[in-house]
Structures are given as C-alpha cells and as structure tokens.
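Student: With the input below, show me the fold.
(2 chains)
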Amino acid sequence: MSGLLELRDLSVHYRSARGEVTAVRSVSLGLESGQTLGLAGESGCGKSTVAMSVLRLLPRTARVEGQVLLDGEDVQGMTWGRLRAVRWAAASVVFQGAMHALNPVHRVGEQIAEPMRLHGVSGSVSALLDQVELPARAARAYPHELSGGQKQRVMIAMALACEPRLVIADEPTTALDVVVQAQVLAVLKRLVTERGIGLVMISHDLSVLASTCDRLAVMRHGQVVEEGPARQVIASPTHPHTQALAAAFPTVGDPASRHVTPSEVAPDGPVLLRAEGVRVDFGATRAVAGVDLEVRQGEIVALVGQSGSGKTTLARTLLGLQKPTAGRVLFEGRELPRSASGLRAYRRQVQLVLQDPTSALNPRHSVYEAVAEGLRIHRVQGDEAARVAEALSQAELRPPELFFPSLPHELSGGQRQRVVIAGALALGPRLLVADEPVASLDASVRGEILALLLRLRRELDLAALVITHDLGLAWTIADRVAVMYRGELVEQGTVEQVLLSPRHDYTRTLLAAVPHDQRSTRPNWTSSP
Amino acid sequence: MTAIAWQRRRAAAGATWREFASQRGGLVGLVGLAVITLLALLAPWVTDASGLDVTRVTARPWEPPSSTYWLGTDHNGRSVLLLTWWGTRISLVVGLAATVLSVLIGTVVGIAAAHFGGWVSAVLMRFTDFFLVLPSLVLAIALSTVLPRGLGTIVLAIGVTAWPATARLVRAQTLAVEARPFIERARALGGGHGHVIGRHVLPAVLPLVFVNTTLTVASAIVAESTLSFLGLGDPTRVSWGSLLHAANMHGAVSQRAWWFLVPPGLGVVCVVLAFTLCGRALETVLNPRLKGER
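Tutor: Okay, the predicted model is just below:
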C-alpha cells in the first residue's frame, strides 16, 4: 500500500540557453495522510520545483524523470482531463507570497469559490473562512483590504475549498511577521490534525518546519542530503549543510547560539549617537512617537519590532535622511547638522547597510565603482584603489583585486552584502546602521555576515545599530536590545534582561511567537511577572 | 581604474550590437538610414546644384520620366530626382535638430520633476500637461506663422511641441529608478542631487531616451513635411514637404504628374520607416520582455 504522495527517483531538468540545468536529482520521498513533511533548503535548491512537479505545474522547458505517485497514480501519465480533475480536488497549493497570488480585482469570497465552481463541488465560503479563523464578512473584502496574515489565510481557505487530501504550502509564512506567522502555522497544524490531510511544507526556515513537521527533508543542489523525523534532524543533524541551516536560526536563550562573549561587551564607552524624544509624523500618521535611544562606541544595539513599527523610519532619521518632526538627534553630543555640506560630513561617520544587497547596488556599477562611490563623493585624497582594496578585504572579499571588475549580478547574495558593507567601510565610519542586514540572505551565509559585523566591532571598534524583526538575530550579536512597538520603544536593556526576562507584554508576545524546536529548554519567561 | 570601466563598456556595447544585429528589421532600418544619410551628405559632390536654379533650367515643365530625367520634371522644368535628393538634406537636418531639442527639453523636465518632487514636480507637470493637451500641429503652425520664416523656426516649432511625451516617459522611468534602494545608499554615502542624477539616474534613463529619440525623429520628419506642405517652411530651401506643397499649388494632380507627388512621399515613408525599425529593434534590445516567443 503506497502512501498519499510518493516521489520515486524524481529528477527535473530545465532546458535553457546554456544547455540543460538539473534542478532536482533523484529525489525519493513519501507522505501519509495526517502527516506533515517539511522540505527545507536555501533558495535555488530545487524545493519549489519538487512541489510544483506534484501537480505538473512546471514550465514547458522542464523535463521530468521518475515517478510522482498521488494516491498510487502516476501524475506524469495522467491525461489532461484527469489532471484537471486532480488539481485542487485531490491536491492543492498554498502559493508563496499571498499578496501576488490573489487577484486584486475580485473579492476574496469569489476567489475562494472559484475552484469549487470549476470542480462542481458544493461548499460554503463562510465555513472555509471559519476554518482559517476569519470572520464570514471577510469574503466581501478585496485583497488590498486584508493584512498579510489574513491574505495568507485566504490562500489556505482557497486550498481547502475542494477538500483535498494533500496540501502543498510553499513558504506560507515567509513574508509574515513573527506574531502572524505563529497564527498561520497554528491554523495549518490544526487542519492537519482535525481533517487528516497530508501537508507538504516548504521553507528555508528550519525553526518554522521544526515546530510543525513530523518528518523533515533537507535539500541542497537538487538532492536530499538528510531526511528523518523532524525532531531528530534538528536535534542532531548529521550533514554539515543541515548543521549550517540549524545554526542560522538561533534559539533565544541558548548560550551556544550567542556569539558575543561577555568580555567583548563594551564597557561604558562614550555615547556616540543619541536620540532625544524623536518624533516623525507623515501627515496624520505618527511613524515614530517620541524615542530616546543611545548607541555607545563599539556597541551593537538591536532595534527589534514588527514591520510597520517605525523602526526603519527611526533609522532614516538617525542617518539624517528624514527630518524629525520633533526631538533631536545628537552625534558625539552635537546636534545633527541641517545644511547639505554638514550632513555630508556627518555621513562619513555614520553609514547605512541596507536589507537587500541585490537592489542596494546599482546593477550597472562594478564592485570597484560601488565601493569607491563614497570616496569620490567625499573627494577623499590618496590612493583610491588602495582604499577600495582595503575596504574589500576588511569585508572579507579576498583577494580584493579579483572582485574589482565584477558586476553585482555575478556575485552571490552574501558577497553582494559584503560589497555593500565594504562601500560603507571605505569611508571609515564610526557607526553602521544595518537595516535587516541578513533578512534576504540564505541561511548559511547569515552566520558569516553576522560574524563579519562582530569582527569589525572587535577590530575597528565600530558601533552598530542593527534593525531586525528577528529576535534570534538580536540574541546572536547584540549587546543591548530596544523593542519598538507602534512607534515607541516599549523596552530596552541588555540582551539578557530583555530577551530572558522581558517586562513588557509586547516583548513577551514576540518571544512567544518565535517558533520553538526541541533543541534547548525554553527559557522561563512565560511565568515571569 | 577607469580602464576596467571602459573595458566593460566596450564589452557591453559589443553585446548590445550583437543583440541588435540579430534582428532583421532593425538591421534593414539601419542599412536604409546609412544609405539615405550617405546620399544626403554626398549630394553637393555627386550632383550639380545649379539644376535647382529655376533660371537655368533647360527642360520643359511637367516632362514625364525619361532616360535624361529619371523622375521627370516639375512645373519649372527642374529634375524631380534632383529635388528629392536635395530635399533629403533638409528633412534629415530638421528632423534630427528638432528631435535633439525636444528630447533635451523632455529629459531635463522629466528628470527634474521626478527627482525634486513636491512643488517643482507639480509646476513642471502642469506645464507639461498644458503642452500635452494643446494640439501640437496647431501650436507649431501658430509658432511658425508668428516667428520669422526659416529653418530655425521650423526646428523650434517642432522641438517645442514634441517634448511632453518624452518628459512623461522620462519622469516615469526616473521615479522607478529613484525608488530603488541603491539611490538611498548613494544618499547615505553623502551623495547630493548632482551625484544621484549624474551617476545613477541618468545612466539608467539614457537607453530609454535613446530609443525615444529614434522614434521621435520619425515623427519630427513627418511634422516638418506637414508644416512645409502647409507652406510654413523655409521658402528658399527644398524639402520633401515643400516639394509636396509646390506640387499641390501648381496642380500636379490635374497635370497627372504622379512623378512629382510620389518620390517625396516615398522619401518620407522610407526615412520614417527606417528610423522606426531601428527604434523598435533598440527597444527590444534594451527591454528583452518585448521580444515575445520566438
């Protein structure tokens, strides 16, 4: 008796201009009803291709070898009519990025009903919405009227419309905040147990999979490198790639994943940057509502909060890119200059590292030009090439001359972020403001970039303000944490204080929402007063 | 270090050329343009300009095509072939000059409106809208009536009326480029307006401007012909439009002198087609999404 879904020796090749590229190599996996299978891996490892091959949703350039058995029937051999009947009725997909997978001009109720109409199945939209914990009136809403989490739940409702026995969820929570992510994961978990469906969950985030899946398969370069019960794979990974993935999602409270040694924590150095009662209004919206924050020399401060909490606006204000409505920003005790030339001089001291290095680099500029850009703006005297080479090697791109002529698209994500960091370092700043510096990077690269930030602090006495939604990141590298909620700092203090014994309710909600695996004992913050 | 940049630019230009050369339409347009330009440049050496002088004609008026006058003669007995040949020069010069003027105005207004935003954008865009809603031909006619007759007037009249579309296009592209994070990075590095526009916005907008230019040339040549046909051109010079104007005035139709009407008309069609083919091919090179399934 074969299971609900069985992949036998599946390989997928894509025909491209450069010849055939193999995306998936001899993958064999199985799934029973009522079970959850996690598929983990970095971008480009073939996990989405595996998922799409189940419903034959691959582009025409794909060539598939091996078998995909759905309830014992080979999907590859199905006729077009049979395939149409199977799609959605037997197996459905929760697509990645709910904001783009919904049609903006139709009400979500119609969109949920669409597969039912196509398959001639009777059912109730409000019952489906109820299952994903949305009110029935949400059916009347257009996609833009719903939040990200609500849209993702609409997608799940849509996937359940024809009561399929198999649901494939492709990065269902990637674009969501931790709090919302926890809610969506809870909905999925409940549906698996209540309705006995089989769930294939794809994610790059091991902690998400660890908290939901029974079995876990880790993919790399199109191959499954490790497979087994989720608990076991995460607790004692055998393959080095799994170990790297696991290490990239640190557990808050686990001393092993804290990379700051107590001796490194800066003593009370001089205050470098200080915000006093900073308030920023955009029209009637208050983005930042009176924030006091300090960054000392050689200190790494993490600014934590959900998206929309105003943390990026605060960072832009600290950089002088945004004028505060009220309050002031002081650098070394002096207020930020307002004149263009004064601000330009200030920018040599404080530099910005953006979230997505791919878009932060001009695609037409070579690495050399990107790094030298700041030097040219400030008309720095001296040997430009030598300074660029020095900045690149500080950012661990060695040998630097090799990277000079490269264009951004020729580099990997991690290398691009290093170029951005090198561009900031070339000016010899005292403070780096890093806005989600690793959020768009693959798991295995994250650790390296964070180690680089720590090393720069150690060697150059560089202070950093790291903006993140990821509490694990704060735990890994920060000395102090400031938690931002609706434009206000609700709590700040040392990492241990804030993350291990949080005082504010919001901090506790954030911490509770972080997916937990079974590697370490939970810190005892739920019972703290 | 600029050597690296130049080497890369050469490589990029080579790749662009190969992509362009792979499109037959674009290549045909380019060859056509080259031939027409060469003919226009060589006219004073290859042909005898005295044939344009009405006082020195030897042939009878309205002579049909023959072995001496391949395309026949006009109402004054001048060779139509010679007239059309010399007309190429004026049509091309006016078309190119007017395009340069209009694209220059359009690019400056578009980039300024998008980059500075706020009230600068509001003022500039209302100004653009004003020119956009005015029928450009009527405006050009009005301008060339008021201003003294001459080549410069025609260029000005076309240039001043043709820029709003370019401005809108460049503004949209600039807005898209300025929303990219690398602009934010350049600002954080300390770059001012000049740096952001010169190093990041302009290089990203220029390909689009270039494509737009080739397409604008075509419409500028048509506009020149239209104005000359209406008798608003420079009366001392021969252009395709003024030839058609003369044909119309002196009753080429009633004389059944098709040879006076067809050559200048075909001239306009050929040049416009060549520029449009080139422009479309360039557009496809710079925006591969237009390529479609092949």
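Student: Just the buried positions in the helix or strand that contains A:Leu185, please.
Tutor: In this structure, A:Leu185 sits in helix A:178-195 according to DSSP states H and E. For helix A:178-195, burial by neighbour count (16 or more other CB atoms under 10 Å in any protein chain shown) applies to A:178-185, A:187-189, A:191-192. C-beta: built from backbone N, CA, C; applies to glycine.
Student: do you know how far A:His104 is from A:Glu114?
Tutor: Quick fix: residue A:104 is Pro, not His. Note on A:Pro104: its distance to A:Glu114, by CB to CB, to the nearest Å, is 15 Å.
Student: so who does A:Leu473 touch?
Tutor: For A:Leu473, the contacting residues are A:250, A:302, A:438, A:450, A:466, by CB atoms under 8 Å, 6 or more residues apart in numbering or on different chains.
Student: rerun that using 10 Å as the cut-off
Tutor: A:248-250, A:252, A:302, A:304, A:436-439, A:446, A:450, A:466-467 (CB atoms under 10 Å, 6 or more residues apart in numbering or on different chains).
Student: In the stretch 1-150 of chain A, which residue sits closest to chain B?
Tutor: Nearest residue of the stretch 1-150 of chain A to chain B (CB to the nearest CB) works out as A:Arg60 at 10.5 Å.
Student: Tally up the residues packed near that residue, please.
Tutor: The tally of other residues near A:Arg60 (other CB atoms under 10 Å in any protein chain shown) stands at 6.
Student: for it, what are its contacts?
Tutor: A:Arg15.
Student: Would you verify that it is located in a strand?
Tutor: No. Per DSSP: H, G, I helix; E, B strand; the rest coil, A:Arg60 lies outside any strand segment and is coil.
Student: Could you report the pLDDT at residue 292?
Tutor: Using chain A here. Listed pLDDT for A:Asp292 reads 92.
Student: wait, I meant chain B there
Tutor: B:Gly292 is given a pLDDT of 51.
Student: Checking A:Val295 next. Helix, strand or coil?
Tutor: A:Val295 - assigned by three-state DSSP - is strand.
Student: On the three-state scheme, the closest residue to it other than its chain neighbours is what?
Tutor: Nearest residue to A:Val295, sequence neighbours excluded (CB to CB, 6 or more residues apart in numbering or on different chains): A:Leu273, at 4.5 Å. Following three-state DSSP, A:Leu273 is assigned to strand.
Student: Tell me how many other residues surround residue 59.
Tutor: All of this refers to chain A. A:Pro59 has 9 nearby residues by other CB under 10 Å.
Student: Switch to chain B, please.
Tutor: 17.
Student: Equivalent analysis for A:Leu441, please.
Tutor: What A:Leu441 shows, counting by other CB under 10 Å, is a neighbour count of 25.
Student: isn't B:Leu147 right next to B:Leu227, touching?
Tutor: No. Counting by CB atoms under 10 Å, B:Leu147 does not reach B:Leu227; the two are 11.8 Å apart.
Student: anything in contact with each of the two?
Tutor: Joint contacts of B:Leu147 and B:Leu227 (CB under 10 Å, 6+ apart) are B:153-154, B:157.
Student: Report the buried members of those residues.
Tutor: For the shared contacts of B:Leu147 and B:Leu227, a burial check counting by 16+ other CB under 10 Å picks out B:153-154, B:157.
Student: Switch those over to TSV; also include secondary structure, pLDDT and distance to A:Glu488.
Tutor: Below are those laid out as TSV (DSSP: H, G, I helix; E, B strand; the rest coil; pLDDT from 0 to 100; distance: CB to CB, whole Å):
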residue	secondary structure	pLDDT	distance to A:Glu488
B:Thr153	helix	88	65
B:Ile154	helix	87	65
B:Ala157	helix	89	61
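Student: from those, which is closest to A:Ile197?
Tutor: A:Ile197 lies nearest to B:Ala157 out of these, by CB to CB, at 71.5 Å.
Student: ok, now which ones touch that closest one?
Tutor: B:98, B:136-137, B:139-147, B:223-224, B:227, B:232.
Student: Who are the packing partners of the helix holding A:Leu185?
Tutor: strand A:36-40, helix A:125-131, helix A:148-160, strand A:166-170, strand A:198-203, helix A:206-212, helix A:505-513 (3 or more CB pairs under 10 Å, 6 or more residues apart in numbering or on different chains; DSSP states H and E).
Student: looking at the ones you listed, which is buried most?
Tutor: Ranked by mean neighbour count, the helices and strands packed on helix A:178-195 are led by strand A:36-40 with a mean of 27 (mean count of other CB atoms under 10 Å in any protein chain shown).
Student: what's the next helix or strand after it packed up against?
Tutor: Going down the chain from strand A:36-40, the next helix or strand is helix A:47-54, by DSSP H and E. In terms of contacts (3+ CB pairs under 10 Å, 6+ apart), helix A:47-54 is packed against strand A:5-16, strand A:19-31, strand A:36-40, strand A:62-70, strand A:91-94, strand A:166-170, strand A:198-203, strand A:215-220.
Student: Could you check the angle helix A:47-54 makes with strand A:5-16?
Tutor: Put simply, helix A:47-54 runs at 110 degrees to strand A:5-16, going by axes from the mean of the first three to the mean of the last three CA atoms, to 10 degrees.
Student: Under the pLDDT cut-off, which ranges of the stretch 1-150 of chain B? List them.
Tutor: B:1-5 (pLDDT under 70).
Student: before we move on, back to that, ok, which of the helices and strands packed on helix A:47-54 comes nearest A:Arg153?
Tutor: It is, among the helices and strands packed on helix A:47-54 and with distance given as CB to CB, strand A:91-94, at 9.8 Å.
Student: Relative to the whole chain's centre, how far out is that closest one?
Tutor: Mean C-alpha position of strand A:91-94 versus that of the full chain (CA atoms, centre = their mean, to the nearest Å) differs by 23 Å.
Student: what's the answer for stretch A:147-164, then?
Tutor: Per CA atoms, centre = their mean, the centroid offset for stretch A:147-164 relative to its chain is 21 Å.
Student: what's the answer for stretch B:85-100, then?
Tutor: Centroid displacement of stretch B:85-100 relative to its chain, using CA atoms, centre = their mean, is 8 Å.
Student: Pull out the buried residues from that stretch.
Tutor: Buried, per 16+ other CB under 10 Å, within stretch B:85-100: B:85-100.
Student: Restricted to helices, list those.
Tutor: B:85-100 (DSSP state H).
Student: And the residue nearest to the spatial centre of chain A, how close does it get to chain B?
Tutor: Nearest to the mean C-alpha position of chain A, counting by CA atoms, centre = their mean, stands A:Ala439 at 4.6 Å. For A:Ala439, the distance to chain B equals 13 Å [CB to the nearest CB, to the nearest Å].
Student: pLDDT at that residue, what is it?
Tutor: So, for A:Ala439, pLDDT stands at 78.
Student: Now it: phi and psi?
Tutor: The phi/psi pair for A:Ala439 (degrees, to the nearest 10) reads phi -60, psi -30.
Student: how near is it to A:Asp205?
Tutor: Going from A:Ala439 to A:Asp205 by CB to CB gives 11 Å.
Student: Find residues that contact each of the two.
Tutor: Contacts common to A:Ala439 and A:Asp205, judged by CB under 10 Å, 6+ apart, are A:Asp470.
Student: Confirm for me that A:Glu401 is in contact with A:Ala385.
Tutor: Yes. If you go by CB under 10 Å, A:Glu401 and A:Ala385 touch, sitting 8.6 Å apart.
Student: Residues that sit against both of the two, list them.
Tutor: A:Tyr368.
Student: who's in contact with the residue nearest the centre of chain B?
Tutor: Closest to where the C-alpha atoms of chain B average out (CA atoms, centre = their mean) is B:Val217, at 1.4 Å. Neighbouring residues of B:Val217 by CB under 10 Å, 6+ apart: B:33, B:92, B:95-96, B:98-100, B:102-103, B:271-272, B:274-276, B:278-279.
Student: Ok, B:Val31 next?
Tutor: B:274, B:277-278.
Student: was I right about the residue nearest to the centre of chain A contacting A:Gly413?
Tutor: No. Using CB under 10 Å, A:Ala439 is not in contact with A:Gly413, being 11.1 Å away.
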